[in-house]
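> no sequence on this one, just coordinates:
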């Protein structure tokens, strides 16, 4: 005996309500042969549409079995059901369920796209099908520009795109006027005569009377099953299946040799990537949807661009601050350890440093030189001009220790120190302040706090922190400073230049121990430039990370907005998701489309945000007091990558939610 095309055995479909379990279908048994034209009639709520949904694998029975060509649909995976719907069924809906963001031709192409047919074949197929239904002139119109009858004919053309064996029509004429209704019925009759099985749900007896077989459903049960005349035998004729893209691949849904209904976990044995329309095709659909919903797209893009601009600018600000900090540390990168006596810090119990201390320190094998130092603000005058400068009493090694190169004249010597000679060395800043003719300053006598001193040399001004101008300084032998200028008997500062091959961290401890031993206690403070630079670098890095964290927080806010927008989009497009699944889209196809939509939005938002941040960075120095905020190339690249990653990360949940939607639930809710 020939196996029926569709076989339903003891199928029950139940739903839970507040009043308990409700049986929409109750122990349904039904066989439908290939080539039949079946009308299912019944009152509203009788279960006829639910039965059609079970036949089309849009819904699963609560109990019982349903076989398509001997394959039990209950044994199929989600991908297997998608392949079965794609190969076997074409759906014609009462509400048309055309995707509004696609043209009529693109709607017709959709099943062939999910069947992985080449683009050229799909376009030719859509053109031919629309022409056969008299819609060639409407191929590029969106559904909103089509009449009800035209939309229903597009729906029929879509149902034929994969040359399916079974047409399932759910009250296709309910929303049409009489003329369009008859046109739809004539089209279904023509398709049946061409060899397709047609199962039609209707509440109109006059339409049901045109079918070769009428099944009446009441309260979830089949109460009548009537054939017209001699059509029972004719209904059993077998029809060759038109080839489709899926069937050109190895594997099928045919029964196994042992005769038991068996389904593979996949639609076929082909690799999973070959069953997918591909990234490019799904990307086209994602882009088309975003272009169609322009307001939603632009609002989302603006939100992402603000987040990326914030991230890029904070990153640029952090980099600028870190670079400025590193530049500010250059004056401290001298390999010089400075000791400050406690007496200079207001603690009278401390001892001042002596020349013997300096000699003891300079004799250490890891020290290049040592010098006493004492500073005091002084007034210098050449008789005509009087300026305030910093007076510093030092020993001759001081200039080498501080890398002060000689520009004019000579430096004072140890003999000058021993004699407390009244000689001075100016730096360039002090020279420029005091003399108009800088070249004529050597050998001139100036007054330092009223004490006449002879200028013997000029040195280069020391580097300063940040963008501060170099200070004006005058250097004297420390003995001269102590006895003639400050009146202080001791020296408050001792500087030690550590050898380049020895770290200041390594030298600090023995030098501290040496001076503590000489003084009987540690009555001084130590400034180690390496430790200070390390602390400064840590502080700058921490601030940079704080700014980046603020930028990342704004990115998370933008990502949350993406997630929320996608969830809202899914709730507004449940019907689209349902129809895509009904015509053969796999959950992975749905998931990929929504993830790509999120990635597209974030990529565009990222590019826009980077452009905004670059523009702000260009004008920031003019309005922000020299603030450097121009993002670097790698910062902009990181911004774009972060934007795309955010789209992928925050798009996964809503995309997975869309992929999990049940086809019939999505169609009903939409």
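In hand now; what should we look at? Quantities reported herein were computed from a predicted structural model and do not represent experimental measurements. Residues are numbered from 1 along each chain as shown.

> any idea which element the closest residue to residue 119 other than its chain neighbours lies in?
Counting by C-beta to C-beta, 6 or more residues apart in numbering, residue 281 is the residue found nearest to residue 119 once chain neighbours are left out, at 7.5 Å. Placement of C-beta: from N, CA and C, glycine included. Assessed by DSSP states H and E, residue 281 sits inside helix 279-292.

> next one: residue 24
Residue-wise, residue 24 maps onto strand 20-32 under DSSP H and E.

> Buried residues in that strand, which are they?
24, 25, 28, 30, 32 (16 or more other C-beta atoms under 10 Å).

> who are the neighbours of the helix holding residue 281, in terms of helices and strands?
Counting contacts by 3 or more C-beta pairs under 8 Å, 6 or more residues apart in numbering; DSSP states H and E, helix 279-292 is packed against helix 104-114, helix 587-623.

> if you set the cut-off to 7 Å instead, what comes out?
Applying 3 or more C-beta pairs under 7 Å, 6 or more residues apart in numbering; DSSP states H and E, we find helix 279-292 packed against helix 587-623.

> What's the mean pLDDT across the following helix or strand past the helix it packs on?
Scanning forward in sequence from helix 587-623 by DSSP H and E, the next helix or strand is helix 633-659. Per-region confidence: helix 633-659 scores 85 on mean pLDDT.

> Off-centre distance for helix 633-659?
3 Å (C-alpha atoms, centre = their mean, to the nearest Å).

> Quick check: the gap between residue 576 and residue 186.
Taking C-beta to C-beta, to the nearest Å as the criterion, residue 576 is separated from residue 186 by 29 Å.

> Which of the two has more residues huddled nearby?
Set side by side, residue 576 and residue 186 show more neighbours around residue 576, with 24 against 11, by other C-beta atoms under 10 Å.

> That one sits in which helix or strand?
Under DSSP H and E, the secondary-structure element containing residue 576 is helix 574-582.

> which other residues reach that helix?
With C-beta atoms under 7 Å, 6 or more residues apart in numbering as the contact definition, helix 574-582 has outside contacts at 58, 82, 85, 91, 97, 99, 590, 658, 661, 663, 666-667, 669-670.

> With stretch 125-133 instead?
By C-beta under 7 Å, 6+ apart, the list of residues contacting stretch 125-133 from outside reads 104-105, 108-109, 112, 136, 139, 153, 156-157, 160-161, 187.

> Name the member of the residues you listed with the most neighbours.
Within the contacts of stretch 125-133, most neighbours by other C-beta under 10 Å means residue 108, with 30 neighbours.

> do you know how far it is from residue 124?
Looking at residue 108 against residue 124, where the rule is C-beta to C-beta, the gap reads 11 Å.

> and if you look at residue 514?
To residue 124, residue 514 is 94 Å away according to C-beta to C-beta.

> do residue 321 as well
Relative to residue 124, residue 321 is positioned 62 Å away (C-beta to C-beta).

> Looking only at neighbour counts, state which of the two leads.
Counting neighbours by other C-beta under 10 Å for residue 321 and for residue 124 shows that residue 321 has the greater number, 17 against 14.

> isn't the more buried one right up against residue 543?
Yes - taking C-beta atoms under 7 Å as the contact criterion, residue 321 and residue 543 are neighbours in contact, 6.3 Å apart.

> quick one on the thing from earlier: using TSV, please lay out the contacts of stretch 125-133 together with distance to residue 357 and pLDDT.
Putting those into TSV (distance: C-beta to C-beta, whole Å; pLDDT from 0 to 100) gives the following:
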residue	distance to residue 357	pLDDT
104	96	94
105	94	95
108	96	94
109	92	92
112	93	90
136	103	92
139	97	93
153	104	89
156	103	90
157	100	91
160	102	88
161	96	88
187	109	88
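
> and the residue lying farthest from the centre of the chain, backbone torsions?
No residue in the chain sits farther from the centre than residue 419, which is 73.1 Å out by C-alpha atoms, centre = their mean. Listed backbone geometry of residue 419 is phi -90, psi 0, with angles given as degrees, to the nearest 10.

> for the chain, which helix is longest?
helix 529-572 (DSSP state H).

> Which elements pack onto it?
Contact partners of helix 529-572 among helices and strands, from 3+ C-beta pairs under 7 Å, 6+ apart: helix 294-328, helix 504-519, helix 587-623, helix 633-659.
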